[in-house]
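Colleague: With the input below, show me the fold.
(chains A and B)
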Amino acid sequence: MGILVKGCAVSLDTLNTKVPTGDSRPLAKDFEMRENNNGVTSKTGRKDRQRSQAESPLDEAIPPMLNIENVQHNYGDVQALRGVSLTAAKGEFLTILGESGSGKTTLLRIISGLEQPTAVDRIEIDGVDVAQLPAAQRNCTTVFQNYALFPHMSVRENVEYGLSVRGIGSDERERRALEALDLVRLDGKSERGIGQLSGGERQRVALARALVTQPAILLLDEPLGALDEKLRQQMQEELVVLHRQLGMTFIYITHSQEEALTMSDRIVLMSQGQIVQAGTPETLFDRPNSQFSADFMGFENILTGTLQSFKEPYAEVSLGGKSVKGVWTGKTLPEIGQAILVAFRSERVKIGDSIDTSKACNTLPCTAGDRLYRGKYVDQTAETEFGPVRARIWDRSQQLSDFKQISWRFDDCVVLT
Amino acid sequence: MPKKIWNWFVLASGNVWVIRTFVLFWSLIVLLPLMLLLIFSFFETKSFVTIYKPSLNTWVSLFDSGRFEVALRTLRVALTITMIELLIAFPFALWLAKGCKSRTAKAIFLALLTIPFFLDISSRTIVWRAILGQNGLINTVLLETGLISKPVEWLLYSEFSVHFGMIAPHFPTMVLPIYLAISLIDDDLIKASEDLGASPLQTLSRVIIPLSMPGVLAGTVFTLGPALAAWIEPGMLGGGFVNLLSHSIESAYTALRYPVVAALSAFTIVVLALLLSAVLVLTRRTASMEGLFRRMHQ
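Modeller: Got it, this is the predicted structure:
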């Protein structure tokens, strides 16, 4: 196991509480890399998850905050959504992840009521059937990608809008608007015009405007897409804190793997109008169930072999006679001898000859290939007889040239179709 | 636009000489004649000769001779027309900009709106005589069907027919600016309003109307001005019974009473300026032209 950092201990706890939920696959126990990447935010995110999982038996008794069954939507001949079903628990931070054109924004607009689906069996928000209700009468609000702030109103008037259309008196309106602005740390700027704000500030106004009516579900449509890197990371942390403070259900749309992993309790990966995989960030990150998931989640190394044997949970795969072992995560196991894929992340690959083979590791002979300097790390290609394998090396003392072998643990390797 | 020309344009527009040249040019062709007009109104004519000695006689005679009532009547007619146009044009523009999903339909309607700019107005107006007249289409049909026993007289050569005839020619100048302003409203703003719980009526009154005010203002200016100066419709459909400013000015002009012409024109311009300033003050918050351009820039 090696040295445990503090964050890693937390993730181990998560791992233990995870077992009763029915997923018996061993998860990778080594999250040092993620901790390095994500720092504080992911830790808070994970603590959150731990809490919600501890409550999970209780959760099942409560109806889900959002329940969509079999929604289909077409734009002309194009099928944007093909039978998507989705639930979100109360207080969950659910991220819908996917490329542009995967149907994630359409799904969001259907939840909000701004788009009428071609066909749907059921849409329920907080137990209320909203399929026939217009957007204005649904208990959810949206933070738009381009913020959609009213340019003819001040910051405060924008935030008050949802209250004033409900006929709430000006005193209470102002008090609640200022509270919401306080929550997003914009209290000093309530009388500004929208044109006088920076991108990050507009983002906060849009957030306050959506929160002030206290909806059951907050829908966020790639809200951080227009912000620069540093501001985006800061907003990610703030969103996580805000989510924890409010206990509101957040449904967050993004194409960014990093955003999804950092903030979510659960991630739903979409492709071509369908849900490809759903699960915790750990599951998506380490246990993709299809080639698309693996590819999307950044499994740089995907090799083709034939299935040799299967013994729960491991599948043994023959790569041209050389046998490697990994966790089977695919959907339907093929026959012995059929083609199968082996996938593993470059940051889990170790290079060098002096590898302790007594550990549960796969090894492949290789020669050193191209090297790409990336600042924080080095991407070293190892040329094997089954194609190039990329290894991501963070340790600067690592000898990079002249190695003849790579290795990666069974648990860091997935086998899928 | 090629980048180079654009850069040059940006540079030039900041240059103080460009602004000075523009102001000078504009002064010469627009402001100077207006000033001369105002000065002329303080002269008077005696036996077809203009006396270049400042006095208030022309202005006084304006109020004595009944020409003042003509000016007020013109103002009333023009304002009525503008209001009618606004009431028809706004819903139409809203539908054309946001409701009409077919691009072809949109293009056809926009093309139809430009027709009044092509066809001569007198030929379009004279047709109404054949329709509204005592022996016209409407009266004939009504008589034949037995709905009336004698022709309806107020259909033609009345204030009704003048108003009626002015509606179509002045419609595009009201619709087009409003259409443009509404087109510029981001669909997401309308969706956001709905999403935040606003009813369609609330979205209209709180988001769409305020944001289309620059267009409403421009449409009002472009419609009110020409309506004040209308000459063909009152002439052809008023039949001499509806005396408006344009005819008053023309008769003064043919009588060589230039100071009267000047005073009438100056009076109209002053009233128009007062009206527009009032509108501007009332809608100051939402309708600044600057605001419109800022929005386009975002």
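
Colleague: partner residues bridging A:Pro390?
Modeller: Just to correct that, residue A:390 is Arg rather than Pro. On the basis of DSSP bridges, A:Arg390 is bridged to A:Thr381.

Colleague: That one contacts A:Thr384, doesn't it?
Modeller: No - the pair A:Arg390 / A:Thr384 is not scored as a contact, 11.0 Å apart, by Cβ atoms under 8 Å. Backbone N, C-alpha and C define where each C-beta goes, glycine included.

Colleague: Show me what whichever strand or helix holds A:Glu238 is packed up against.
Modeller: Taking DSSP states H and E as the definition, A:Glu238 sits inside helix A:229-246. Here helix A:229-246 touches helix A:32-54, helix A:199-211, strand A:249-254, helix A:257-263, going by 3 or more Cβ pairs under 8 Å, 6 or more residues apart in numbering or on different chains; DSSP states H and E.

Colleague: where among these is the average confidence lowest?
Modeller: Mean pLDDT across these is lowest at helix A:32-54; the value there is a mean of 39.

Colleague: Under a three-state scheme, what state does A:Ser100 occupy?
Modeller: Look at A:Ser100: counting by DSSP: H, G, I helix; E, B strand; the rest coil, its state is coil.

Colleague: what about it, neighbour count?
Modeller: A:Ser100 has 9 neighbours, counted by other Cβ atoms under 10 Å in any protein chain shown.

Colleague: who touches it in this structure?
Modeller: The contact partners of A:Ser100, by Cβ atoms under 8 Å, 6 or more residues apart in numbering or on different chains, come to A:His255.

Colleague: to the chain's geometric centre, what's the distance from the helix holding A:Glu238?
Modeller: 15 Å (Cα atoms, centre = their mean, to the nearest Å).

Colleague: Leaving aside the residues adjacent along the chain, what's closest to A:Pro64?
Modeller: A:Thr87 (4.2 Å; Cβ to Cβ, 6 or more residues apart in numbering or on different chains).

Colleague: again with A:Ser154
Modeller: A:Glu191 (5.5 Å).

Colleague: Tell me the secondary structure of the one you found, please.
Modeller: coil.

Colleague: What is the burial count for it?
Modeller: 10.

Colleague: Next: A:Ser346.
Modeller: Using other Cβ under 10 Å: A:Ser346 sits among 20 other residues.

Colleague: Need phi/psi at A:Ile68.
Modeller: The phi and psi values for A:Ile68, taken as degrees, to the nearest 10, are phi -120, psi 130.

Colleague: which ones are touching it?
Modeller: A:Ile68 neighbours (Cβ under 8 Å, 6+ apart): A:84-87, A:107, A:110-111, A:120, A:122-124.

Colleague: where's it relative to chain B, distance?
Modeller: Per Cβ to the nearest Cβ, to the nearest Å, A:Ile68 is found 18 Å from chain B.

Colleague: Need the three-state assignment for the closest residue to that residue other than its chain neighbours.
Modeller: Among residues not flanking A:Ile68 along the chain, A:Leu86 sits closest, at 4.7 Å (Cβ to Cβ, 6+ apart). Here A:Leu86 is recorded as strand under three-state DSSP.

Colleague: Likewise for A:Leu372?
Modeller: When the rule is three-state DSSP, A:Leu372 gets the label strand.

Colleague: Report how many residues lie close to it.
Modeller: 11.

Colleague: Output the below-cut-off pLDDT ranges for chain A.
Modeller: A:1-61, A:353-358 (pLDDT under 70).

Colleague: And for A:Gly98, nearest residue in space, chain neighbours not counted?
Modeller: A:Met270 (3.7 Å).

Colleague: Could you verify my assumption that that neighbour touches A:Gly101?
Modeller: No - between A:Met270 and A:Gly101 there is no contact under Cβ under 8 Å: 10.0 Å.
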